[in-house]
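A.B. asks: using only what follows, build the 3D model:
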Amino acid sequence: MSSTVVIRKRKDRIINLRATDLEGVLVSAPLDELEDYKNLKWGNYQLGVASELQKAGYKLTGCDMLFHDTVPLGSGLSSSAAIELATAIALVTLSNEENNIREEIDKIKLAKICQDAEHNFIGVKCGIMDQFASAMGKSNHAILLDCRSLFYRLVPFSLKGYKIVISNTMKKRSLAAIKYNERRSECEEGLEILKKYIPGITCLGDITIKQFEDYKHLIDNVTVRRRVEHVIYENDRVLMAVQALEQGNPEKFGSLMIQSHDSLRDLYEVTGEELDCLKEAALAVEGVLGSRMTGAGFGGCTISVVKNSAVETFLEQVGKRYFEKTGLKAEFYISEIGDGAREIKC
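C.D. replies: Just a heads-up that it's a prediction; the model follows:
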């Protein structure tokens, strides 16, 4: 799955956007009036990136852009981040050529600019993880990322004998953006309370499990307490997952996936009937090590680690059980980890 864009220079200050799966749709906007195009049904993410690039000092030129996206939209697979980074790489590459700039593109800087586009142009207070992964991904590697400092480490992802299978609920995530902002606000509320009692903390990632257990009773709002508990324990699970990968322990990795989903269901409350159904159906198949939701939740996809010999059974049984429970026909994608955003020269 990928987001690909073909770009060519124009002689004026107009940016034109088309997509291979949107026949007859053309978005045309002057580069000097992008703020007027925030409410587009399609094209606002790309124009938001262009707007933020210009604010950051990039000298963009008019262009025609044709997008070909195979990442399912609204599925929790970071399709927006993929589009944003493809747009950013294309626009900056063209800008550098026009302005005779030969320095290497700073992809981490572009990831932050794409995050700014979501904050300022789209109105979603997203984190940096999706954009960072789209920018800095490496084939057959996971990324351990500190979203505060942007320190990262590539972790070899080699589960020999197993496949990554993505299961799409085919339910659009209508509540995801609203609930993301809500969950973030709840976590910020909990952090402000704990700051009064735990010196030196600046984010929930600074808080150990022991500290949380010692001070959690000070968070009177039960809902806020649950949100904070999920984040702190999830941070610990991430570190254990890295250790499992480095030790070649796929069973431990799978177990952590299951724990993560259960916490997202019970404490963070962002799963829903469809995601829970897919996860439970997956775990009922012999040869599945782990399964969890991915993305912001409320629809979208799960990701499962499935033994090679069990993949066909997985597709049949999970699809059947999901349809019987929800009346929806799931889609499945057998996936691999690829490289992040880059220029492809023809």
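A.B. asks: can you tell me the element residue 164 falls in?
C.D. replies: Taking DSSP states H and E as the definition, residue 164 sits inside strand 162-168.
A.B. asks: what's around residue 247, how many residues?
C.D. replies: For residue 247, the count of nearby residues is 10 (other Cβ atoms under 10 Å). All C-beta spots, glycine's among them, are computed from the backbone N, C-alpha and C.
A.B. asks: okay, it: pLDDT?
C.D. replies: You'll see residue 247 listed with a pLDDT of 95.
A.B. asks: same thing with residue 127?
C.D. replies: So, for residue 127, pLDDT stands at 88.
A.B. asks: show me the contacts for it.
C.D. replies: For residue 127, the contacting residues are 115, 147, by Cβ atoms under 8 Å, 6 or more residues apart in numbering.
A.B. asks: repeat that for residue 8.
C.D. replies: So residue 8 contacts 63, 64 (Cβ under 8 Å, 6+ apart).
A.B. asks: which helices and strands does the strand holding residue 164 pack with?
C.D. replies: strand 301-307, helix 311-326, strand 331-335 (3 or more Cβ pairs under 8 Å, 6 or more residues apart in numbering; DSSP states H and E).
A.B. asks: so what touches the following helix or strand past that strand?
C.D. replies: Next helix or strand after strand 162-168 toward the C-terminus (DSSP H and E): helix 176-195. The contact list for helix 176-195, computed with Cβ under 8 Å, 6+ apart, reads 76, 123-126, 201, 203-204, 207, 211-212, 215, 218-219, 221, 223-225, 227-228, 231, 268, 270, 295-300.
A.B. asks: following helix 176-195, which helix or strand comes up?
C.D. replies: helix 209-215.
A.B. asks: biggest helix in the protein by residues?
C.D. replies: helix 222-246 (DSSP state H).
A.B. asks: so that one versus helix 176-195, what angle?
C.D. replies: Comparing the axes of helix 222-246 and helix 176-195 via axes from the mean of the first three to the mean of the last three Cα atoms, to 10 degrees yields an angle of 100 degrees.
A.B. asks: list the buried ones in helix 222-246?
C.D. replies: By neighbour count on 16 or more other Cβ atoms under 10 Å, the buried set for helix 222-246 is 224-235, 237-238, 241-242, 244-245.
A.B. asks: cool, stretch 309-328 as well?
C.D. replies: In stretch 309-328, counting by 16+ other Cβ under 10 Å, buried: 310, 311, 314, 315, 317, 318, 319, 321, 322, 326, 328.
A.B. asks: the last one: what's it in contact with?
C.D. replies: Read it as residue 328. Per Cβ under 8 Å, 6+ apart, neighbours of residue 328: 169, 170, 171, 274, 322.
A.B. asks: I'd say the second one and residue 331 touch.
C.D. replies: Yes. Taking contacts as Cβ atoms under 8 Å, residue 170 lies within contact range of residue 331: 6.2 Å.
A.B. asks: what helix or strand is the closest residue to residue 246 other than its chain neighbours located in?
C.D. replies: With Cβ to Cβ, 6 or more residues apart in numbering as the criterion, residue 246 has its nearest non-adjacent residue at 6.7 Å, and that residue is residue 155. Applying DSSP H and E as the criterion places residue 155 in strand 152-156.
A.B. asks: thanks again, I'm all set now.
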